[in-house]
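S.K.: Requesting a structural model of the entry that follows:
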Amino acid sequence: MKKLILTTTALALTAGMALADTVRLGTEGAYPPYNFINDAGQVDGFERELGDELCKRASLTCEWVTNEWDSIIPNLVSGNYDAIIAGMSITDERKEKIDFTQPYTLPDPSAYVALSADVDLTNAVIAAQANTIQASFVAAAGAQLVEFATADEALAAVVNGEADAVLADKASLVDQVTSNDQLVFLEKEELIGGGIGMGLRKSDAELRGQFDAAIQSMKDDGTLNALITKWEIGATF
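M.R.: All right, here's what the predicted structure looks like:
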């Protein structure tokens, strides 16, 4: 699913957090249906429900923190929160900086959205959110890439004529395409990334283990699949 890490000079914390303290969950709050801010100003979405249930099963007191995507890993490493739960795909590059739980979603196809189904992707200008697996994929393919700070800005670039198509997680595009009759999905899709997991500091192995066990328990009793289906995230386990 989404997002490649920004290089950071922040140093990892040398000691694990005290698990008796409140665990702060960091999310972007701008990537529906995974996470977004609702009309009441609260974090909402698939990952809000998931995170609350994981904390309950792990007997942890948790609170939510929002952070812009570009600095979400550096601010985890520097201690501004204790775990990332923000539609973050597990990648080898990210694992050089942080640890991950087991995945709580399977890889979701990345889809192209454009104003016309006739867009020729071989010559197109393609928009993507900066520092995502989609942006990396487009750049590696040698296509013309334009990057934007948020997923909404990348999609708006298509509507405004700044780009011919946008590439993003398909689940994040469905509502936008459904509500805007100018936009269409292209037939071509890309399978990028290895599923989404929670990101944690390498020093917090105990906390990672608690969340791993909670994720596994939700897989075992079917509640994780029920959430995935409810929020139309993608394939179930």
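S.K.: what about the helices in this structure?
M.R.: According to DSSP state H, the chain carries its helices in the segments 46-57, 72-77, 92-95, 133-140, 151-159, 170-179, 205-221, 223-230.
S.K.: Please convert these to a markdown table, extending it with mean pLDDT.
M.R.: As requested, the helices of the chain are exported to a markdown table (pLDDT from 0 to 100):
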| stretch | mean pLDDT |
| --- | --- |
| helix 46-57 | 98 |
| helix 72-77 | 98 |
| helix 92-95 | 91 |
| helix 133-140 | 94 |
| helix 151-159 | 96 |
| helix 170-179 | 94 |
| helix 205-221 | 98 |
| helix 223-230 | 98 |
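S.K.: Which residues lie in contact with the residue lying closest to K219 once chain neighbours are set aside in this structure?
M.R.: Once flanking residues are discounted, K219 sits nearest to F237: 5.4 Å by CB to CB, 6 or more residues apart in numbering. Where C-beta positions appear, they are placed from N, C-alpha and C, glycine not excepted. F237 sits next to 106, 219, 224-225, 228 when contact means CB atoms under 8 Å, 6 or more residues apart in numbering.
S.K.: now do Q134
M.R.: With contacts defined as CB under 8 Å, 6+ apart, Q134 is in contact with 2, 110, 128, 167-169, 190, 192.
S.K.: Serialize those residues to a markdown table and add fields for neighbour count, pLDDT and distance to D175.
M.R.: Formatted as a markdown table, those follow (neighbours: other CB atoms under 10 Å; pLDDT from 0 to 100; distance: CB to CB, whole Å):
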| residue | neighbour count | pLDDT | distance to D175 |
| --- | --- | --- | --- |
| K2 | 28 | 48 | 16 |
| S110 | 26 | 94 | 16 |
| A128 | 28 | 98 | 18 |
| L167 | 31 | 98 | 17 |
| A168 | 26 | 95 | 12 |
| D169 | 31 | 92 | 12 |
| E190 | 16 | 94 | 20 |
| I192 | 20 | 88 | 21 |
